[in-house]
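Novice: predicted model and sequence below, questions to follow.
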Amino acid sequence: MSGLTLVDAANVLAAQPFSRLLGTRMVRFDDSGASLELDLRDDLRQQFGFAHGGVIAYLVDNVLTFAGGAVLGPKVLTAGYTIDLLAPASGPLLLAEGSVVGRSGRRAVCRAEIFNVADGEKLLCATAQGSIALAGSKAERS
């Protein structure tokens, strides 16, 4: 485990201007992964009233990176991910759950699930898998 706590992770999230703009909350962070919550406001919806795909992608990116950070430490970057959209999300709450599939050297493979939460029920809206890498690679230094 990285030695980071839920408070540490929440502080990292709060240091991200875009996450503050959206109002994202860190609700779980441990050695198995992370969970984020986001209230689905009207300005985050597309023309049919559902969560914009960019909002889903943002949640995937962040929860995958926090999950990877749980095993790699705080200096991590997203190396790539794929998303499958399964159902539209209408809110009022979006929940992103990220978990670590495995780690090898400077990378962790992580899984994300995005849920629409309404009336106490969770509906799976998207699933994703991604690769998280330790920052400070040779390419970054040049």
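Specialist: That came in fine, so what should we check first? Numbers count the residues shown, from 1 in each chain.
Novice: where does the chain have low pLDDT?
Specialist: The model of the chain has pLDDT under 70 over residues 1-2, 137-142.
Novice: 90 instead?
Specialist: 1-4, 136-142 (pLDDT under 90).
Novice: residue ranges for the helices of it, please.
Specialist: Along the chain, counting by DSSP state H, helices occupy 6-14, 17-22, 53-72, 138-141.
Novice: so which of those helices is the most packed in?
Specialist: Of all the helices of the chain, helix 53-72 has the most neighbours on average by mean count of other Cβ atoms under 10 Å, namely a mean of 23. (C-beta placed from N, C-alpha, C; glycine too.)
Novice: out of the helices of the chain, the one nearest V109 is which?
Specialist: V109 sits nearest to helix 53-72 of all the helices of the chain, at 8.4 Å, using Cβ to Cβ.
Novice: tilt between that closest one and helix 6-14?
Specialist: 140 degrees (axes from the mean of the first three to the mean of the last three Cα atoms, to 10 degrees).
Novice: I'm done for today, thanks for sticking with me.
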